[in-house]
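> can't give you the sequence, but here's the structure:
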């Protein structure tokens, strides 16, 4: 079965015909051609497919695309503006918060949601919030360093 929906992705409306059983991840990758969200586990346990839905991190492999209609969807591709990386993206680069980078988009989007709501998060709060994102390379120390770097930069700038 198919349904016509309009998805707002990174501030742009996309009128689409989607199969009602297709996930948001499937539609983002196969119809919109946004490849930042990746399927790692397919059951919402790894965080590789994280996107923001109305500012909240969700596993796009678990959200049916039709359920995202009327919501603001933000992918990793939507964070940069006018060719400039978002401060969180830049902090992950400067803080070496990735190795293979498979998990990095999900971590960055989860970090954005965290720092948007808890700009003064402690190390323990950061670890707890990001616990739903897995890094197979084991870059957790550098990821924490990158989040703290982003936190410091966001507190001293106007983004």
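Good, I have the coordinates. As the structure is a prediction and not an experimental result, all values here were calculated from the model.
> roughly how far apart are the nearest residue to residue 96 once chain neighbours are set aside and residue 149?
Sequence neighbours aside, residue 142 is the residue nearest to residue 96 in space, at 4.8 Å (criterion: C-beta to C-beta, 6 or more residues apart in numbering). The C-beta positions use only the backbone N, C-alpha and C, and glycine is treated the same way. Shown here: residue 142 relative to residue 149, a distance of 10 Å by C-beta to C-beta, to the nearest Å.
> what sits in contact with each of those two?
residue 95 (C-beta atoms under 8 Å, 6 or more residues apart in numbering).
> residue 54 is in contact with residue 72, isn't it?
Yes. Counting by C-beta atoms under 8 Å, residue 54 does reach residue 72; the two are 5.4 Å apart.
> these two: who's more crowded?
When residue 54 is set against residue 72 and neighbours are counted by other C-beta atoms under 10 Å, the residue ahead is residue 72, at 15 against 11.
> hang on, the earlier thing: check contacts around the residue nearest to residue 96.
Contacts of residue 142 by C-beta under 8 Å, 6+ apart are 95, 96, 97, 98.
> same list (the residues you listed) but as a markdown table, adding pLDDT and secondary structure.
Converted to a markdown table, those look like this (pLDDT from 0 to 100; DSSP: H, G, I helix; E, B strand; the rest coil):
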| residue | pLDDT | secondary structure |
| --- | --- | --- |
| 95 | 96 | coil |
| 96 | 96 | coil |
| 97 | 95 | coil |
| 98 | 88 | coil |
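> so which of those residues is the most crowded?
residue 97 (27 neighbours).
> name the nearest residue to that one, sequence neighbours excluded.
Residue 97's closest residue in space is residue 146 (C-beta to C-beta, 6+ apart), at 3.1 Å.
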